[in-house]
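**Q** sequence and predicted structure, then a few things I'm wondering about:
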Amino acid sequence: MRKAKPLDRLMDVFEILRSIDPTMHLSLAHAFVAVALRPGLSMDELGELVNLSQSSCSRNIMTLGRGTPSTREGHRLVRTDYDPEDGRRMIILPTTRGRALARELASALDVNAGTEKS
């Protein structure tokens with residue numbers, strides 16, 4: 001038995017994300033991690049952070065959230081709500097399921113966790 005190397009841990013992260021969506025693309029994962037790290041981002045702030053257009057951000061948040069009637073069901077990892085400080089603005093927040101996934105991803109990357117790989 002040996003300690004897991006950093007790339008082994010990254011592969012673990014990919015496996016966790018693929019368990020949510022077998023075809024999850026990197027921009028979707030990037031958007032999720034950004035929301036998990038900074039709950040309360042606006043769509044514009046998310047776009048700047050992950051370098052995506054507003055329409056791509058909206059599409060990713062719909063997929064990470066409830067989905068749309070014309071597409072498959074969403075992952076229910078994030079939700080949108082009105083900003084309590086500015087009711088005209090929408091913010092993006094992780095759901096309970098999203099916070100659990102964020103903890104699982106962080107644990108998979110934890111170099112102090114002592115996970116062994118054979």
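**A** Nice, I can see it. Numbers count the residues shown, from 1 in each chain.
**Q** who touches stretch 77-92?
**A** 20, 32, 35, 39-43, 46, 61, 64-66, 93-95, 97-98, 101 (C-beta atoms under 8 Å, 6 or more residues apart in numbering). Any C-beta I mention is one placed from the backbone N, CA and C, and that applies to glycine too.
**Q** how close does the spatially most central residue of the chain get to Leu109?
**A** Nearest to the geometric centre of the chain sits Phe32, at 1.8 Å (C-alpha atoms, centre = their mean). Per C-beta to C-beta, to the nearest Å, Phe32 is found 14 Å from Leu109.
**Q** quick one: the helices in the chain?
**A** Remark: helices assigned in the chain by DSSP state H are 6-20, 26-37, 43-50, 54-64, 96-109.
**Q** what comes up buried for the shortest one?
**A** The one in question is helix 43-50. Applying a neighbour-count criterion of 16 or more other C-beta atoms under 10 Å, one finds 43, 46-47, 49-50 buried in helix 43-50.
**Q** the closest residue to Val13 other than its chain neighbours and Ile16, how far apart?
**A** Distance criterion C-beta to C-beta, 6 or more residues apart in numbering; nearest residue to Val13, sequence neighbours excluded, is Ala108 at 5.1 Å. Distance, Ala108 to Ile16, using C-beta to C-beta: 6 Å.
**Q** of these two, give the one with the bigger neighbour count.
**A** Taking neighbours as other C-beta atoms under 10 Å, Ala108 and Ile16 compare with Ala108 leading, 20 against 15.
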